[in-house]
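Participant: Next come a sequence and a model predicted from it.
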Amino acid sequence: MRFHALATDYDGTIAHDGKVEAETIAALERAKKSGRKLILVTGRELPDLLSTFDRIDLFHLAVMENGATIYDPVTKETRVLADPPPAKFAETLRARGVSPLSVGDVIVATFEPHEKTVFGVIHELGLELQVVFNKGAVMVLPSGVNKATGLAAALTELGLSPHNAVGVGDAENDHAFLKVCECSVAVANALPAVKDTADVITRGARGAGVAELIDELLASDLTHLKTLARHRFPIGLADNEAEAGIDPAGTGVMVCGTSGSGKSTITTAILEHLADAGYQSLVIDPEGDYTNLDFATHVGSTEQAPRPEDVTGALADPKRSVVVNLLGVPLGDRPAFFRRLLPRINEVKAGTGRPHWLVIDEAHHLLPGDDTAASVADQLPDRGMMFVTVHAGSVDPAALANVGTLLVIGGQPAEAVAKFCAATGEKMPKCPTVGGDKLPTGDALLWRRGEPAATVVHTKAPRTERKRHKRKYAAGNLGPERSFYFRGPKDTLNLKAPNLFQFLQLADGVDDETWEYHRRRGDYSKWVRTEMKDNQLADELVAIEADRRATPKDTRAAVRAAVEARYTLPADEPSGKIDQ
């Protein structure tokens, strides 16, 4: 289920002349019975609402006073979200003949044409207040308080995101909260300005329109609204300046490319866009490639395997993404760990609609396309999926059913598209010619499944600079499978270097014969290229390894200089802080 909350205005939306029809009440009951959360969002004060509406119990929460307070119908408690204007403000308005005048917990309200007096008193008293108009009503509130801020507080209280909410309204003061909802709906009697910005306009007016919306919500979860253009975000520009984008609620994405080509970089850029828009992502990170994401909660480390309950606990905050670091899980155990974690993720998603995106790095390992692991493809979400892999054709084909966009970077992009098509049974699209059969850094070959041709797009670098994973590679723990081992020509040693710091320490201490044995075999550059995916450093080490005339002392110094030019190492202890 995508939409877990229905937020509705009262007057002019579910109510006509202050009253709610029995048919509308019945529709609200159906919506609540479906498990969805109902939130009333109104400019009315609580005593006034209760005097005319006796079914507030239908709502899980009621945002009152145009966003200034939240009322819980179960506990009958009111939570005030802002400081009210000073008492002198209402006193002055009364003294100036403003009537009628109502004063709530926060709001002070009257009607036109008293707005001129209201503005004058605000200016005269030097108050930081705003005036909101709604069909002749003049509402005075603290600056920054509106139905959107009130709804956001209510959704947070319910553990939900605006991206899992449908909002419906009719008037000027509804603009703010409708805009923040994933889907905005205007009833047929709404003001033209509200209709102009709504995603959907009902055929029926007022309560009949809300009932119409609810029935469609229950029947299909509004699946025909998978693409809402206003939520689409750009990932790059084609040569003709056409913008290429991704629909956050659309079909899945696969990012694939040769090792070291920048898959984590383009994935990070997409994750940043999602986070900026308020979507929650869950990243399964087998290699520690996303440790620098400051908008995410990080679970697991090189020393500590993540626990499923810690992952689901981190997902409880809808405003934070989550990165699950699997470096503490033995390599061979990671697919099984993911299979155990996925049902827990789905349980959270079933109750909240989050995480909005599930990102699986090293997808060919966690979701292999062979018989080495049981398929979990039928448990994967049908939207909001991203697979990151070197081998497009090595992922379980059943898992690729909902991939709609392919982003290929690095070398042999057409070959990667061909492997994806072979795995999925798709017809091979026409791919543009790439010079040297390798895409320049920052470029990606984009293909939308089913289209006749792929296009090259020029992507923007993410704000989060990877910095070659300094902490992880310089002083972290790559694990036993990825560490460097000084064994020597006779295989009598077993000196493990789990990071670059310890590698250089051991390099200074091993005998010349051992050092030269590994250097002439090209083991140092292979380790850096394979395990750190740092091709630039690896190329520098290749040149050092190829120099047959250099002494062991010279090559040790050259290797150290090359490493330290790219990685700032701790002064003494492996656990020391790294200057980033």
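Facilitator: Ah, there it is.
Participant: Please make it C-alpha for all contacts and neighbour counts, starting now.
Facilitator: Will do.
Participant: next structured bit after the helix or strand of the chain with the lowest mean pLDDT?
Facilitator: Ranked by mean pLDDT, DSSP states H and E, the weakest helix or strand in the chain is helix 470, scoring a mean of 58. Going down the chain from helix 470, the next helix or strand is strand 484-486, by DSSP states H and E.
Participant: residues in contact with the nearest residue to Ala148 once chain neighbours are set aside?
Facilitator: Excluding the flanking residues, the one nearest Ala148 by Cα to Cα, 6 or more residues apart in numbering is Phe177, at 3.9 Å. Under the criterion of Cα atoms under 8 Å, 6 or more residues apart in numbering, the neighbours of Phe177 are Asn146, Lys147, Ala148, Thr149, Leu151, Gly167.
Participant: quick one: the first one from Leu293, how far?
Facilitator: Yep, that's Asn146 we're talking about. 31 Å (Cα to Cα, to the nearest Å).
Participant: where's the closest residue to Pro452 other than its chain neighbours relative to Cys256, distance?
Facilitator: Closest residue in space to Pro452, ignoring its immediate chain neighbours: Pro429 at 4.9 Å, by Cα to Cα, 6+ apart. Going from Pro429 to Cys256 by Cα to Cα gives 17 Å.
Participant: between these two, who's got more neighbours?
Facilitator: The residue with more neighbours, out of Pro429 and Cys256, is Cys256; 31 against 18, by other Cα atoms under 10 Å.
Participant: correct me, but that one touches Thr405?
Facilitator: No: the pair Cys256 / Thr405 is not scored as a contact, 11.1 Å apart, by Cα atoms under 8 Å.
Participant: rewinding a little: okay, Asn146 and Leu293: which has more neighbours?
Facilitator: Asn146 (23 against 19).
Participant: ok, that one - contacts?
Facilitator: Contact partners of Asn146, counting by Cα under 8 Å, 6+ apart, are Asn66, Gly67, Ala68, Asn173, Ala176, Phe177.
Participant: Go again with 6 Å.
Facilitator: By Cα atoms under 6 Å, 6 or more residues apart in numbering, the residues touching Asn146 are Asn66, Gly67.
Participant: before we move on, what about the one 10 residues further on?
Facilitator: For Thr156, no residue meets the contact criterion (Cα under 6 Å, 6+ apart).
Participant: Helix, strand or coil: sort out it for me.
Facilitator: Recorded secondary structure, Thr156: helix (DSSP: H, G, I helix; E, B strand; the rest coil).
Participant: repeat for Met386
Facilitator: Using three-state DSSP, the three-state assignment for Met386 comes out as strand.
Participant: what's the answer for Thr75, then?
Facilitator: coil.
Participant: how about low-confidence regions in the stretch 451-580 of the chain?
Facilitator: Within the stretch 451-580 of the chain, the segments meeting pLDDT under 70 span 465-472, 568-580.
Participant: To clarify, my last question referred to the chain.
Facilitator: For the chain, the stretches with pLDDT under 70 are 226-227, 371-373, 465-472, 568-580.
Participant: Buried residues, the lengthiest helix in it. List them.
Facilitator: Longest helix in the chain by number of residues (criterion: DSSP state H): helix 334-352. For helix 334-352, burial by neighbour count (16 or more other Cα atoms under 10 Å) applies to Arg334, Pro335, Phe337, Phe338, Arg339, Leu341, Ile345, Asn346, Val348, Lys349, Thr352.
Participant: With distance to Arg521 as extra columns, can I get those in a markdown table?
Facilitator: A markdown table is the format used below for the buried residues of helix 334-352 (distance: Cα to Cα, whole Å):
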| residue | distance to Arg521 |
| --- | --- |
| Arg334 | 31 |
| Pro335 | 33 |
| Phe337 | 36 |
| Phe338 | 37 |
| Arg339 | 39 |
| Leu341 | 41 |
| Ile345 | 45 |
| Asn346 | 48 |
| Val348 | 50 |
| Lys349 | 50 |
| Thr352 | 54 |
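Participant: which one of those sits closest to Ile544?
Facilitator: The closest of those to Ile544 turns out to be Arg334 (Cα to Cα; 35.8 Å).
Participant: got the contact list for stretch 6-25?
Facilitator: Stretch 6-25 has contacts (Cα under 6 Å, 6+ apart) with 38-42, 165-169, 206-207, 211.
Participant: Sort out which residues of it are buried, please.
Facilitator: 6-15, 20, 24-25.
Participant: From those residues, pick the one nearest Ala374.
Facilitator: For the buried residues of stretch 6-25, the closest approach to Ala374 (Cα to Cα) belongs to Leu6, at 38.1 Å.
Participant: Helix or strand: which one has that closest one?
Facilitator: Assigned by DSSP H and E, Leu6 belongs to strand 5-8.
Participant: Adjacent strands (with direction) for that strand?
Facilitator: Sheet pairing for strand 5-8, assigned by DSSP bridges, gives strand 37-41 (parallel), strand 165-169 (parallel).
Participant: and it, C-alpha only, in CSV?
Facilitator: Taking Å, rounded to 0.1, in the frame of the first residue of the first chain, the C-alpha atoms of strand 5-8 are listed here in CSV:
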residue,chain,number,x,y,z
ALA,A,5,-3.0,8.6,5.3
LEU,A,6,-6.0,10.7,4.2
ALA,A,7,-5.8,14.3,5.2
THR,A,8,-9.0,16.3,4.7
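Participant: before we move on, the earlier item: just say helix, strand or coil for the residue nearest to Ala148.
Facilitator: Phe177 ends up helix, using three-state DSSP.
Participant: ok, now how distant is it from Pro248?
Facilitator: For Phe177, the distance to Pro248 (Cα to Cα) stands at 20 Å.
Participant: What about the residue nearest to Ala399 when sequence neighbours are not counted, how many residues nearby?
Facilitator: Nearest-residue entry for Ala399: Ala377, 4.5 Å, with adjacent residues in sequence omitted and distances by Cα to Cα, 6+ apart. Per other Cα under 10 Å, the neighbour tally for Ala377 reads 15.
Participant: Save the buried residues of stretch 6-25 as a markdown table, and put in distance to Leu327 too.
Facilitator: Below are these laid out as a markdown table (distance: Cα to Cα, whole Å):
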| residue | distance to Leu327 |
| --- | --- |
| Leu6 | 40 |
| Ala7 | 42 |
| Thr8 | 46 |
| Asp9 | 48 |
| Tyr10 | 52 |
| Asp11 | 55 |
| Gly12 | 56 |
| Thr13 | 52 |
| Ile14 | 53 |
| Ala15 | 56 |
| Val20 | 57 |
| Thr24 | 53 |
| Ile25 | 53 |
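Participant: Wasn't Thr530 part of a strand?
Facilitator: No: Thr530 sits outside any strand when classified using three-state DSSP, being helix.
Participant: What distance do you get for it to Ser259?
Facilitator: For Thr530 relative to Ser259 (Cα to Cα), the value is 8 Å.
Participant: who's more crowded, those two?
Facilitator: Remark: of Thr530 and Ser259, Ser259 carries more neighbours, 19 against 14, as counted by other Cα under 10 Å.
Participant: State the helix or strand in which that one lies.
Facilitator: Going by DSSP H and E, Ser259 is not part of any helix or strand.
Participant: on that earlier part again, and the contacts of stretch 6-25, which of them are buried?
Facilitator: Using 16+ other Cα under 10 Å as the burial test, those include 38-42, 165-169, 206-207, 211 as buried.
Participant: Spell out which residues make up each domain of this structure.
Facilitator: Following automatic domain parsing, the chain resolves into domains at 5-75+147-225, 82-144, 232-465, 468-566.
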